[in-house]
Structure formats: C-alpha cells, structure tokens
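A.B. asks: Compute the structure for the input listed below.
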Amino acid sequence: MRFALFLLLLPLLQHASLAIDPTCSAATNLTREALAYLSALPTRGSASSHRLGTSLPLGSFRASSPGNARRVAVAAAVADAWDAYAAAAWGRDELLPLSNAGADTFAEGLGTTIVDSLSTLYILGGLDGRYEAARAWVLESLDFGKVGRVVVFETVIRILGGLVSIYHLSGDEMYLFKAEELGARLAAGFETPSGLPWPRCYLNETGRCERHRHMDDALYLAEVGSVQLEYRALSHHSKHPLCKKMRGVTERIIDKLQTARSSAVRMSGRHAVLLPYAMLRTTGMYCTNMVTAGAPADSYFEYLVKVWVQGGKKEKVYWELFARVVDSMVEIGSYTSRYGDTIMRDMLPSSDDKVHFSHKMDHFACYIPGMIVLGLDGLRAEETERRARWVMFAENITETCYKMYAKSPSGLAGEHIRLNQEDKWKMSGGYQLRPEAVEAFFYMWRLTKKDKYREYAWTVFERIQQHCKVEGGGYAALRTAKSRHPKKEDVMHSFLISETFKYLYLIFGDDEKELPLDKWVFNTEAHPLLVTPGLSEGVEEGERREVAAESGHDEL
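C.D. replies: Numbering: from 1, shown residues only. From the prediction side, this is the model:
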C-alpha cells in the first residue's frame, strides 16, 4: 500500500530523537546461510502441498449490470492506466506518464506494475485480453535470478502478495511456482541474529543484503510487521521446507516486536501495544520514542487483525493484540477538535510518564476504519459499549479522511494534515494517487450500507479524472493538493491500479457476490488472499510459535 515509504521517513526521524545503538554495523554484509538457501531453491515439482480445490472463473467479477455506469467508468480508467503503461513502460516497474517512459523504481526486471495489476485485471474480467498479456509476461519474462537489489518489504507485499493472490483467484499454478521461487530467494534476508530482516536484498545469486542507505541499521515497524499474510499463504501451498519455514520466521517477528528492549522511552501499561515505529536490525532494540499510526508504522497494526481473519478467526492471540491497539488508539491516540474533526495523533512518551502529542494525521492513517470493520467479529455479544466506541471511531476517522479531500482546493488530499492551537487545518504535500481513503469508504460501505460512502468514493474518482488524467494516457500524481489547478508529477504508482481503482470498482458492486470479507482478506497492497482456516492448525513441529499474551509489560 505504501510506495515511497522511505522518502517519508527522513522528516519524521528529524523529530523523533532517534538514538542509534552503538553496536550497529555500517558495513554491507553477506547474509549468513544465503548461498545455502539459494542452492535449495524450489523446483516445479515441489509446489502445492495444498492445491486449491476450486478456483474462481475468469470474468466472474464483471460489472453486475450494463447500467452500472460508475463501475464502467472505473473499469475504463483501469484500461486507460494499463494501456499507457503497456505502451511506454512495458516490463518496467512504473510509468512516467509525463515523459511517456518507464522507470525501474524497485529493481530492473521486476515489472512491478504488471504483477501488482494482475488481481485487479482478473477481478475486472480480464479487460479484453489485458490480463492474458500480463500473464504471458510473468510466464516468459519474470526471472528472479536476473533481478538485483530489491526492497524486501515492497517486494513481499507487491510481488509475492500479487503472485499468491492471483493463484488464489485463478488456480493457475504457474503463479504458485513463481511465488515459491521468490519466497525462497527473499528468505535469505531474514537470516539475521535479531530475526528482523534486512531491508534490501539481491534476488540474484550473490545472496547479498544491505541496510538502508541513509538510516544506518534502522528498520521500520511496517516493513518488518507486514510480511506475515503473504508468507503464511505461501507456506500453506508449498512443500518446500524453506517456504514452509518462513511462516514461523515471519510470525515470530510479531513476538519480537512485543518484547523488544528500547534505547528510548516506550509507551507503558495497557498502551504498550502502541509500538515505536523504528528499531535496529542488529539488536532488535527500539531506537525512537515516537508512536504513529501513519507511515512508517501503519500496516503493522492492520496485519494483526488480518492475520486473525486469514486463519479463519481462530488464532485469538492476534485479535487480542489488535483489540488492545484499537482501545489504545481510541483512549489516548485519538483527538476530536472543537469543530468535531477526529484525528489519530502521533505520540511521544517521555521519561516523566507523560505523553506528548503532535496533532498531525497522515493520509496513510485512513486504513484504520477498515481494520476496525474486520475486527468487530472478535467482540463478544455483551461488549456493546466497546463495539459502539470502535464503530464511532471508525466512522469519525472516515469522515476526517473524506474532509481531507473535500476541504482541499483540488478536491484531492495531501499527504497529511495538522491542526494548530485553534484546531484549524493545515494540509501539506501532494496527492500521490493513494488508496487509503477509498479503502475506508469501501469497508464502511460493507459494514453500514450507507450510500454516503459510495458518494464519497465517486467524488474522489471524479477529482482523479479531473486533475490526474494525462492527455497522452495514464494518470499522474500531483505535486501539491492545495491548488485549484495543481501541477502533475511524473509518476504513476503501481498501487493506483492495484489498490485505488480496485477499491473504487468494488465499492460500486454487489458485496454478497464479490470477494466477501469472510472468505477473502486483502493484504496491504489490496491483493485478495483466501481465508484459510487450516492455517490455525499450526505448523510443523519445531516451528510452532506463540505470541506472548504479556508483551513484557505488566499491564499490557
């Protein structure tokens, strides 16, 4: 869900009192056992210990009726974005729509927009051969052995997640073989003393991994805490021991995040589940005191509940952690202004047992309503007041997310808002084609069936068409949102098709027939993965793990 994650970190870190562990190594290293891992890469015969009994037929997600003009319009936008990419950037990561060229944002040969778009193209019925063209590229040209350095987190959520998702949607085992190879190659990056992955690794034969360029050995909560859904899904279908092992490896990261020591002050008591956003790869220690629900922490919190959903809502320990997070967000993180606007604040605990707040909310934080909708099923019938608090919080955050668009001169949201001492808004940043607000509208529509959420979504789509559509084809981000005539930025992020347009398409459909939320769970790149109750049956002996009910803080 989160492109340019690391570019957002620099201004955050300037205000975070980041303390770097002195034992941190600045050198580029070869990952221990990486070469052994690569020599044991899976072959076609190793896949599918759990084959899909049925698959969804291609075309089953077409617009429910010819008269559904809004779905037709969104589908046309997907086709336009795809065609512009295919004409000018085929095989590259992303389209540069103003230059009419392509760029390898993540790694040469990864074809991120192609893989990221597979599930959307399939859900839209293939869009007259476009899906088949994408599949052919994956089959013939996606060669992980020729791909160099990648960002591990982005590759897991976009590429691995995209491949496993389209396997779940189509039942086509070619995608599973590709996913298994990628999952095994990425596994080298998790072979570290702390158990936290390297941020950057090479997929080719060198087996090298590296730290972030400008951040010493710091890692971020979202990038280490948002890889579990994809590896759990892969492990369920793969016979390869490395791919199966990765389920336990990624799940244990959640344990480590709960119990890690800190070189800075942490939230305490029942609010300790609100984790700092940065830690050191070498030691696993937290190295900042800042807590945020936005970047670079965001998707960690949503994965707690999504892992619970993925396993058939049987792994209660994930829901319990998630529930404590929501309660703490409501109790201490949220702020409602004198004008009735509710935001999710950034927090900085101090050594005097006080918490200082920054009244800033990222557009990223608009994922919060969706995760709350998914978690409501875990509440007991008698918890009516708790449910009411959660639903009200989700509704209020969704309203704020819509106002980020409605109050903007362009009708499109900037990267974040800040409330001053008089509770007046100040919006900053450009519009980056992001999905989080329409994601919130989608989930709130599924929960309430209130038409206003569809109207919110349609208004956003109209403004995208007005300001982001490029005359020569495709769509562009905006340099600033605070203008009635905003200038375009030369990038079309892959998540426009993968997420933003997918949620816009789905919100105007029949939720009883299309990707019901008790059967599918969306990863943070909006790739739908099958709910698999068999995951809750555990893993191989020696790989079973437990998330500590107590995270090392007495009153958690």
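
A.B. asks: Next, work out how far apart Ala101 and Arg92 are.
C.D. replies: Plainly put, Ala101 is 8 Å away from Arg92 if you go by Cβ to Cβ, to the nearest Å. To be clear about C-beta, it is placed using only N, CA and C from the backbone, and glycine gets the same treatment.

A.B. asks: Any regions of the protein where pLDDT drops low?
C.D. replies: 1-67, 205-207, 214-215, 511-512, 538-556 (pLDDT under 70).

A.B. asks: Kindly indicate whether the residue lying farthest from the centre of the chain is helix, strand or coil.
C.D. replies: Most distant residue from the mean C-alpha position of the chain: Asp352, 34.6 Å away (Cα atoms, centre = their mean). In three-state terms, and counting by DSSP: H, G, I helix; E, B strand; the rest coil, Asp352 is coil.

A.B. asks: can you offset everything so residue one is 65?
C.D. replies: That works, and once the first residue is 65, the last one we named lands at Asp416.

A.B. asks: So for Ala165 and Arg156, which sits in the more crowded spot?
C.D. replies: Arg156 (21 against 12; other Cβ atoms under 10 Å).

A.B. asks: For that one, grab phi and psi.
C.D. replies: The phi/psi pair for Arg156 (degrees, to the nearest 10) reads phi -90, psi 170.

A.B. asks: got a list of what His557 touches?
C.D. replies: When the contact criterion is Cβ atoms under 8 Å, 6 or more residues apart in numbering, the partners of His557 are 67, 158, 496-497, 541.

A.B. asks: Narrow these to those that are buried.
C.D. replies: 67, 158, 496-497, 541 (16 or more other Cβ atoms under 10 Å).

A.B. asks: Next up, phi/psi of Met408, please.
C.D. replies: Per degrees, to the nearest 10, the backbone of Met408 is at phi -100, psi 110.

A.B. asks: What of Met425?
C.D. replies: Note on Met425: its backbone torsions stand at phi -130, psi 130 [degrees, to the nearest 10].

A.B. asks: same thing with Ser492?
C.D. replies: The phi/psi pair for Ser492 (degrees, to the nearest 10) is phi -130, psi 150.

A.B. asks: Please point out which parts of the longest helix along the chain sit buried.
C.D. replies: Looking across the chain with DSSP state H, the single longest helix is helix 448-470. Neighbour-count burial for helix 448-470, counted by 16+ other Cβ under 10 Å, picks out 450, 454-455, 457-469.

A.B. asks: How far off centre is the helix or strand that contains Leu438?
C.D. replies: Using DSSP states H and E, Leu438 falls within helix 432-439. Averaging C-alpha coordinates over helix 432-439 and over its chain gives two centres that are 14 Å apart (Cα atoms, centre = their mean, to the nearest Å).

A.B. asks: what's that helix packed up against?
C.D. replies: Judged by 3 or more Cβ pairs under 8 Å, 6 or more residues apart in numbering; DSSP states H and E, helix 432-439 is in contact with helix 362-374, helix 380-392, helix 448-470, helix 500-512.

A.B. asks: Contacts only, for the closest residue to Ile407 other than its chain neighbours.
C.D. replies: Leaving aside its sequence neighbours, Ile407 sits nearest to Met425 (Cβ to Cβ, 6 or more residues apart in numbering; 4.0 Å). Going by Cβ under 8 Å, 6+ apart, Met425 touches 358, 407-409, 464, 480-482.

A.B. asks: hmm, 6 Å instead?
C.D. replies: Each residue near Met425 by Cβ atoms under 6 Å, 6 or more residues apart in numbering is listed here: 407-408, 481.

A.B. asks: and what of His335?
C.D. replies: Per Cβ under 6 Å, 6+ apart, neighbours of His335: 392, 396.

A.B. asks: and the strand or helix carrying Thr184, how far from the chain's centre?
C.D. replies: Secondary-structure assignment from DSSP H and E places Thr184 in helix 176-187. Computed by Cα atoms, centre = their mean, the separation of helix 176-187 from the middle of its chain amounts to 15 Å.

A.B. asks: Which positions within whichever helix or strand comes after that helix qualify as buried?
C.D. replies: Moving toward the C-terminus from helix 176-187, the next helix or strand (DSSP H and E) is helix 194-205. Buried residues in helix 194-205, counting neighbours by 16+ other Cβ under 10 Å, are found at 194-195, 198-199, 201-202.

A.B. asks: what's the angle from the helix holding Leu438 to helix 448-470?
C.D. replies: 150 degrees (axes from the mean of the first three to the mean of the last three Cα atoms, to 10 degrees).

A.B. asks: still on that earlier bit, ok, now how distant is the residue nearest to Ile407 from Ala357?
C.D. replies: For Met425, the distance to Ala357 - Cβ to Cβ - is 8 Å.

A.B. asks: just Asp207 next, same as before
C.D. replies: Counting by Cβ to Cβ - Asp207 and Ala357 are separated by 38 Å.

A.B. asks: and Asp207, how many neighbours?
C.D. replies: Residues lying near Asp207 (other Cβ under 10 Å) number 12.

A.B. asks: Same question for Pro340, what's its three-state structure.
C.D. replies: coil.

A.B. asks: any idea how far the residue nearest to Ile407 lies from Ala477?
C.D. replies: 11 Å.

A.B. asks: Is there a neighbour count for the closest residue to Cys307 other than its chain neighbours? I'd like the number.
C.D. replies: In space, and not counting its chain neighbours, Cys307 is closest to Gly247: 5.0 Å by Cβ to Cβ, 6+ apart. By the measure other Cβ under 10 Å, the count of residues near Gly247 is 27.

A.B. asks: Now do the contacts for Gly247.
C.D. replies: 224, 298, 307.

A.B. asks: what helix or strand is the second one on?
C.D. replies: Mapping Leu298 onto the secondary structure by DSSP H and E places it in helix 292-301.

A.B. asks: helices or strands next to the next helix or strand after that helix in the packing?
C.D. replies: Counting by DSSP H and E, the next helix or strand C-terminal to helix 292-301 is helix 305-323. Using 3 or more Cβ pairs under 6 Å, 6 or more residues apart in numbering; DSSP states H and E, the elements in contact with helix 305-323 are helix 237-251, helix 292-301.

A.B. asks: so which of those helices gets nearest Arg388?
C.D. replies: For these, proximity to Arg388 was assessed by Cβ to Cβ; helix 292-301 is nearest, at 17.9 Å.
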